[in-house]
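Chemist: Fold the following, please.
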Amino acid sequence: MTNFPHIVHRGGCHCGAVTFEAEGPAQLSVLDCNCSVCALVAYLHWYVPRAQFRLLTGADQLIEYRFLSGVAQHWFCRVCGIKSFYVPRSHPDQISVNVRALKPGTVTGMTVTPFDGRDWERARGTLSRDPH
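Modeler: Next comes the predicted model:
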């Protein structure tokens, strides 16, 4: 893992029922996946070790959705429908945070890498096990 000063990023869903914080660098490395779910909601993945992610409010407002392999745990706010984070199939030991769900002010920049999630089986070999 790269050494970087950790800052706390805060975020959540649209209605505010679900809030979280995640520690990481100010300059983020994210994936832009084109799979059927991510493309529809413009999800930008920032992988965070579970120890650096904290759900602050709204655990009782989350509803889970699984599809295809059933491995990824997609969590949506049952009030507004926003998926601000989930447990990804590719990195089940981490949380994928949607950087679009982060509050402004802590992210100084992003490196965005396209990912061919439509052909996940072939493309998964290109994913780093430690995406930091």
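
Chemist: hang on, residue 15 is in a helix, isn't it?
Modeler: No. With DSSP: H, G, I helix; E, B strand; the rest coil as the criterion, residue 15 is coil rather than part of a helix.

Chemist: Near it, how many residues? Count them for me, please.
Modeler: Look at residue 15: counted by other C-beta atoms under 10 Å, it has 14 neighbours. From N, CA and C alone the C-beta is placed, and that goes for glycine too.

Chemist: Could you pull up phi and psi at the residue nearest to it when sequence neighbours are not counted?
Modeler: Closest residue in space to residue 15, ignoring its immediate chain neighbours: residue 80 at 4.0 Å, by C-beta to C-beta, 6 or more residues apart in numbering. With angles defined as degrees, to the nearest 10, residue 80 sits at phi -110, psi -10.

Chemist: So residue 80 is in contact with residue 58, correct?
Modeler: No. With contact defined as C-beta atoms under 8 Å, residue 80 does not reach residue 58; the gap is 10.5 Å.

Chemist: re earlier: now do the contacts for the residue nearest to residue 15.
Modeler: Neighbour list for residue 80: 13, 14, 15, 17 [criterion: C-beta atoms under 8 Å, 6 or more residues apart in numbering].

Chemist: again, 6 Å this time
Modeler: 13, 14, 15 (C-beta atoms under 6 Å, 6 or more residues apart in numbering).

Chemist: Format the residues you listed as TSV; extra columns: distance to residue 102 and pLDDT.
Modeler: Shown next, in TSV, are the contacts of residue 80 (distance: C-beta to C-beta, whole Å; pLDDT from 0 to 100):
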residue	distance to residue 102	pLDDT
13	12	97
14	13	97
15	16	97
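
Chemist: can you map out the strands along this protein?
Modeler: Secondary structure of the chain (DSSP state E): strands at 7-12, 19-24, 27-33, 44-49, 53-57, 62-65, 73-77, 85-87, 94-98, 109-115.

Chemist: So for the third one, what gets flagged as buried?
Modeler: Looking back up the chat, that one is strand 27-33. Across strand 27-33, burial judged by 16 or more other C-beta atoms under 10 Å covers 28, 29, 30, 31, 32, 33.

Chemist: could I get the strands of the chain as JSON lines with mean pLDDT?
Modeler: Formatted as JSON lines, the strands of the chain follow (pLDDT from 0 to 100):
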{"stretch": "strand 7-12", "mean pLDDT": "97"}
{"stretch": "strand 19-24", "mean pLDDT": "98"}
{"stretch": "strand 27-33", "mean pLDDT": "93"}
{"stretch": "strand 44-49", "mean pLDDT": "94"}
{"stretch": "strand 53-57", "mean pLDDT": "97"}
{"stretch": "strand 62-65", "mean pLDDT": "84"}
{"stretch": "strand 73-77", "mean pLDDT": "89"}
{"stretch": "strand 85-87", "mean pLDDT": "91"}
{"stretch": "strand 94-98", "mean pLDDT": "94"}
{"stretch": "strand 109-115", "mean pLDDT": "92"}
